[in-house]
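# Here is a sequence together with a model predicted from it:
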Amino acid sequence: MTVAESTFENLRLELRRGCLTLAVLAQLKQEHYGYTLRKELAERGLEIDESTLYPLLRRLETQGLLASQWREEDKRNKRFYRLSPEGEEILARLLDEWNAINTSVSRILDGPTSEAAPSAETK
Amino acid sequence: MELLDRYLQAVRKYLPLRRQDDIIAELRANMESQIEDLESELGRALTQGELDDFLRKMGHPMVVASRYQPQQYLIGPTMFPMYLYVLRLAMLWAFIVCMVVAAVVTPLTEGTGGAVVAALFRTPGILIQTAAWITLVFAAFEFARTRYPNICPQIEGLNKGWNPSTLPPIEKDSLRKGKPRSFAQAVAEIIFSVLFLGWVLLIPHYPFILLGPGVVFLKTSSYELAPVWWTFFGWIVALGIMQIVARCIDLARGTWERPSIIQHFAFKVVGLIPVLVLLAAPGHIYVSLKNSAADPAQLGKNLAEVNNAIHLGFSVVCAIVVLQLAFDIGKLVTEAYRKREVAS
């Protein structure tokens, strides 16, 4: 891997990391267990490795954004996740942030403008 | 499915003890569902090779397990700038103390070249120990801070309480920047250097020009300067001549505006020679009795004390000059490194 490729890969992973969390939270408005969640995301064009998704679900649950329960389905015990009330609130705020960033980036890509416009605050 | 069991068993070994069963059960359910889906797509059971590929895609057991671990730092990003600052400061001071001990304290207390060399060789070990202790203290604080956030005070970071007006003034690079030397200034320096050299050369013939009325004491007292001062004098004269020659060369080549850095350091290094000559005086004798056989024993005792005091004084001067030189060289190397980094 060249230096440029390695730099791109690092930046891509950095960019994806936050987006994946947002996508997972959004998708878990409906209840899923790990594998079906992965399939749903893939069907919507967002491929995500098992080794990334499953620990992410645990982490989000530890942070109180997801609630989970073990339940039997198709003769197999599975852990189902869904968004917790706190997760719903955080998701709404994250989506606002996402939309603001998206709008700002689009505006930047469209070309320079002197008009003052609402912007995504960098923290 | 024996291979899947072996895989999960391997993952389990790297998981935190408390969560092993839970994580493995969930991982098994997800992986079995995925394998079932693959098998229903193919309409047959997976072959050994296909199962190998599936597990290889999942990743090495240690990597898979590591993703379930919380992110851990020996020293986290909040503490790291502070750690680096303290480490640099401590290393610098440890180095200075080591050099002072090697250059001043050891020669005075033990007085042998071997002891000085041994003191110098102890320096790397002391620096490593210093770094290790500082790292250990910061790592322990980081551990306590993350493990017991309610008990341990939280570091607000360097931004808290910071005031821009406390920033240091712009540093002057005395070696390269600043006002360039004018032609008149360069000529004046040569003239004054020649005058100074002439004054120095006259001192042995007319000590009055250095000592003033004190010259009477030289003539009437029972003491005289030791021969090492003649060697010292010779080096001072040689250095004076070297400086005049170098300045004349600068003038002839048209490079008088800014002194060459190499020349600057060469003079600093050569300037150490006269001090070293005095430090290496045989028996550390700088002042002796004019008539050692006839003068009373009391004078001899005072003489030893005076000679020791002079030697101590030169040792301190030498240590200061060496440290200053080391500091200047360090600054030069850092600046060169910074320039190279900027250029690349």
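Sure, I can see it.
# So, low pLDDT: which residues of the chain?
Just so you know, I chose chain A. A:112-123 (pLDDT under 70).
# Sorry, I should have been clearer: chain B.
In chain B, residues with pLDDT under 70: B:1, B:104-105, B:107-113, B:153-160, B:171-178, B:292-301.
# Could you pick out the longest helix of it?
If you go by DSSP state H, chain B has its longest helix at helix B:297-343.
# And residue B:11, its phi and psi?
Main-chain dihedrals, residue B:11, degrees, to the nearest 10: phi -60, psi -40.
# Same question for residue B:285.
Dihedral angles for residue B:285 - degrees, to the nearest 10 - are phi -100, psi 120.
# Need the nearest residue in space to it, chain neighbours excluded.
residue B:226 (4.8 Å; C-beta to C-beta, 6 or more residues apart in numbering or on different chains). Any C-beta I mention is one placed from the backbone N, CA and C, and that applies to glycine too.
# ok, that neighbour touching residue B:290?
No. Using C-beta atoms under 8 Å, residue B:226 is not in contact with residue B:290; the gap is 11.6 Å.
# Contacts for the helix or strand encompassing residue B:24 next, please.
Assigned by DSSP states H and E, residue B:24 belongs to helix B:20-42. For helix B:20-42, contacts defined as C-beta atoms under 8 Å, 6 or more residues apart in numbering or on different chains pick out A:33-36, A:38-39, A:50, A:54, A:58, A:76-79, B:4, B:8, B:11-12, B:15, B:45-46, B:50-51, B:54, B:58, B:64, B:68.
# Kindly export stretch B:278-285 (C-alpha atoms) in CSV.
Extracted in CSV, the C-alpha atoms of stretch B:278-285 (Å, rounded to 0.1, in the frame of the first residue of the first chain):
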residue,chain,number,x,y,z
LEU,B,278,44.2,25.9,33.5
LEU,B,279,42.0,23.0,34.8
ALA,B,280,44.8,20.6,33.8
ALA,B,281,47.5,22.5,35.6
PRO,B,282,50.0,20.1,37.2
GLY,B,283,49.0,19.7,40.9
HIS,B,284,46.4,22.4,40.4
ILE,B,285,49.0,25.0,41.3
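# which residues are contacting that stretch?
For stretch B:278-285, contacts defined as C-beta under 8 Å, 6+ apart pick out B:107, B:226, B:228, B:232, B:286, B:307, B:308, B:310, B:311, B:314, B:315, B:318.
# How many residues are close by the residue nearest to the fifth one when sequence neighbours are not counted?
By that I understand residue B:286. Distance criterion C-beta to C-beta, 6+ apart; nearest residue to residue B:286, sequence neighbours excluded, is residue B:310 at 4.6 Å. Neighbour count of residue B:310, defined by other C-beta atoms under 10 Å in any protein chain shown: 17.
# list the contacts for residue B:310?
B:284, B:286, B:287.
# Residues of the stretch 1-150 of chain B that sit close to chain A?
Contact residues (C-beta under 8 Å from any C-beta of the partner chain) of the stretch 1-150 of chain B with chain A: B:23, B:25-27, B:29-34, B:37, B:58-59, B:63-64, B:67-68.
# one more time with 10 Å
Residues of the stretch 1-150 of chain B that fall close to chain A, judged by C-beta under 10 Å from any C-beta of the partner chain: B:11, B:19, B:22-23, B:25-37, B:54, B:57-60, B:63-71.
# Filter those down to the buried ones.
Buried residues within the residues of the stretch 1-150 of chain B next to chain A, counting neighbours by 16 or more other C-beta atoms under 10 Å in any protein chain shown: B:11, B:23, B:26-35, B:54, B:58-59, B:64-65, B:67-68.
# Give me the phi and psi for the residue nearest to residue B:285.
Torsion angles, degrees, to the nearest 10, at residue B:226: phi -70, psi 160.
# what residues are up against it?
By C-beta atoms under 10 Å, 6 or more residues apart in numbering or on different chains, the contact list for residue B:226 reads B:232, B:278, B:281, B:282, B:283, B:284, B:285, B:286, B:287, B:288, B:307, B:310.
# Run a quick neighbour tally on the first one.
Read it as residue B:232. Neighbours of residue B:232 using other C-beta under 10 Å come to 19.
# quick one on the thing from earlier: could you check the distance from the residue nearest to residue B:285 over to residue B:203?
Distance of residue B:226 to residue B:203, given as C-beta to C-beta, to the nearest Å: 16 Å.
# Compute the number of surrounding residues for residue B:283.
10.
# So what touches stretch B:201-220?
Contacts of stretch B:201-220 (C-beta under 10 Å, 6+ apart): B:199, B:200, B:223, B:224, B:225, B:229, B:230, B:233, B:236, B:237, B:240.
# can you tell me which of the residues you listed are in strands?
If you go by DSSP state E, the contacts of stretch B:201-220 have B:223, B:224, B:225 in strands.
# Which of the contacts of helix B:20-42 are buried? Put it as a ChimeraX command.
The buried subset of the contacts of helix B:20-42, as determined by 16+ other C-beta under 10 Å, is captured in ChimeraX by this line:
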select /A:33,34,35,36,38,50,54,58,78,79 /B:4,8,11,12,15,46,51,54,58,64,68
